[in-house]
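[1] Sequence and predicted structure are below.
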Amino acid sequence: MSAAATLTPATSPVESLGIMLRALKLPAFARYAEEIAQKAEREGWTFGRYLHHLAELEIHERRRRRIERFLHESELPREKTLATLKRSKLPVKVAKTLPSLCEGAFVERGDNVLAFGLPGRGKTHVVCAIGHELVQRGHRVLFTPTFALVQRLLAAKRDLRLEKELAILDRYDAVILDDIGYVQQDRDEMEVLFTFLAERYERRSVIITSNLLFSQWDRIFKDPMTTAAAIDRLVHHSVVLEMTGPSIRADEAEQATKETKTTTTETTTTTNSKQSTEEVDGEI
């Protein structure tokens, strides 16, 4: 039965309006219609302004829900955002390039972002921060360890649904492949990974982190021709981030150790001082 059919003569105009707006999938209109109508009457709004204001609320609510949905499905680590990124520890070139990447123009062009560096240099945090900013701008993003994506594609190939799985992944404007260098040296894995990269070439963006330089990618793709073809597709339209410098994780661990030692020393000093005072008081 339609929403209109549920209306009865006893239904007030306000109630019937709410029912019809929900049927039209305008929840913000339905939620705020009466409240905004009262405000419009008090302030003497025109009917056009009233409708315009409700339309703005509806658009805002839809955008908020869409971003919440995109963020949930992205599987991005919630703590690795631009706000928590210690940009002062980034290489100068990376810090200068980061704002433009967060704007997302590269996604609209189908370009790639490749972050290289030794472990602990902040590669994953940087690409996740970019991913979060892309989601806020309305882009669909998927974050996944490379090995997990490869296993997902292998399972799809085994079940004869690889093409369908690639179509599902194609819905994402950007796919973040973390730690591509940790893919196992297996020919089947190499083939599905190459197929994925080839399918997205010049259409959809990939964002990759790697501990291995391009010269070492034969460990991933095994075959020299396949390695060269994969690198060629990735580099053709890409931004390369070289994550140089000392290990951020090592620096943070060292700082945490120093803070722990300082806290322990201060606690010990305070305790000894208190004991000495108590002994003196006892003698007095």
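    Looks like it came in fine. Numbers count the residues shown, from 1 in each chain.
[2] Counting neighbours, what do you get for the nearest residue to R87 once chain neighbours are set aside?
    In this structure, R87 finds its nearest non-sequential neighbour in A95, 5.4 Å apart by CB to CB, 6 or more residues apart in numbering. C-beta coordinates here come from the backbone N, C-alpha and C atoms, glycine included. Neighbour count for A95, taken as other CB atoms under 10 Å: 14.
[3] what does whichever strand or helix holds A95 rub up against?
    Per DSSP states H and E, A95 falls inside helix 92-103. Defining contact as CB atoms under 8 Å, 6 or more residues apart in numbering, one finds that helix 92-103 is touched by 82, 87, 90, 113, 126, 129-130, 133-134, 137, 239, 241-243.
[4] Buried residues of it, list them for me.
    V94, T97, L98, L101, C102 (16 or more other CB atoms under 10 Å).
[5] What's the PyMOL line that selects buried ones from the contacts of helix 92-103?
    Per 16+ other CB under 10 Å, the buried members of the contacts of helix 92-103 correspond to this PyMOL selection:
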select buried, resi 82+90+113+126+129+130+133+134+241+243
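[6] I'd like the contacts of helix 92-103 written out as CSV, with distance to E15 added.
    Output for the contacts of helix 92-103, formatted as CSV (distance: CB to CB, whole Å):
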residue, distance to E15
L82, 45
R87, 53
L90, 57
V113, 52
V126, 52
A129, 47
I130, 47
E133, 43
L134, 42
R137, 39
V239, 55
L241, 57
E242, 63
M243, 60
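[7] Give the burial count for V206, as a bare number.
    For V206, using other CB under 10 Å, the count is 22.
[8] again, but for F70
    Residues near F70, counting by other CB under 10 Å: 21.
[9] got the buried residues for the helix or strand harbouring it?
    Assigned by DSSP H and E, F70 falls within helix 47-74. For helix 47-74, a neighbour-count test (16+ other CB under 10 Å) marks Y50, L54, L57, E58, E61, F70, L71, S74 as buried.
[10] What of stretch 177-192?
    So stretch 177-192, judged by 16+ other CB under 10 Å, has buried residues L177, D178, D179, I180, G181, V183, E189, M190, E191, V192.
[11] thought the last one was touching E163?
    In this case it means V192. No. V192 lies out of contact with E163 (CB atoms under 8 Å); the separation is 11.7 Å.
[12] can you give me the helices in the stretch 151-284 of the chain?
    Counting by DSSP state H, counting those that start in this stretch, the stretch 151-284 of the chain has helices at residues 162-169, 187-200, 218-221, 224-236, 248-283.
[13] Give me the contacts around the first one.
    Defining contact as CB under 8 Å, 6+ apart, one finds that helix 162-169 is touched by L142, R152, L153, A156, V175, V192, T195, F196, E199.
[14] Just the pLDDT for the second one.
    Think R152. Looking at R152, its pLDDT stands at 96.
[15] Who's the closest spatial neighbour of it, skipping the chain neighbours?
    Nearest non-adjacent residue to R152, counting by CB to CB, 6+ apart: E165, 6.9 Å away.
[16] To what extent is the one you found buried, counted in neighbours?
    Other residues lying near E165 total 18 when counted by other CB under 10 Å.
[17] How far does the helix holding A95 sit from its chain's centre?
    Distance, stretch centre to chain centre, for helix 92-103: 16 Å (CA atoms, centre = their mean, to the nearest Å).
[18] Can you name the next helix or strand after it?
    Counting by DSSP H and E, what follows helix 92-103 is helix 105-109.
[19] got the buried residues for that following helix?
    Neighbour count says helix 105-109 has F106, V107 buried, by 16+ other CB under 10 Å.
[20] Strand partners (parallel or antiparallel) of the helix or strand following it?
    Moving toward the C-terminus from helix 105-109, the next helix or strand (DSSP H and E) is strand 112-116. Strand 112-116 has the following sheet partners, assigned by DSSP bridges: strand 205-210 (parallel), strand 238-242 (parallel).
[21] Give me the residues contacting strand 112-116.
    101, 106, 123, 126-127, 130, 205-213, 234-235, 237-243.
[22] For that strand, give the mean pLDDT please.
    97.
[23] How far away from the center of its chain is that strand?
    With CA atoms, centre = their mean, you get 15 Å for strand 112-116.
[24] ok, residues contacting the helix or strand that it is followed by?
    With elements assigned by DSSP H and E, the helix or strand that comes after strand 112-116 is helix 123-136. Applying CB under 8 Å, 6+ apart, the external contacts of helix 123-136 come out as 67, 70-71, 74, 76-77, 80-82, 84-85, 90, 94, 98, 101-104, 107, 113, 115-117, 141, 143, 173-174, 176, 178-179, 207, 209-210, 241, 243.
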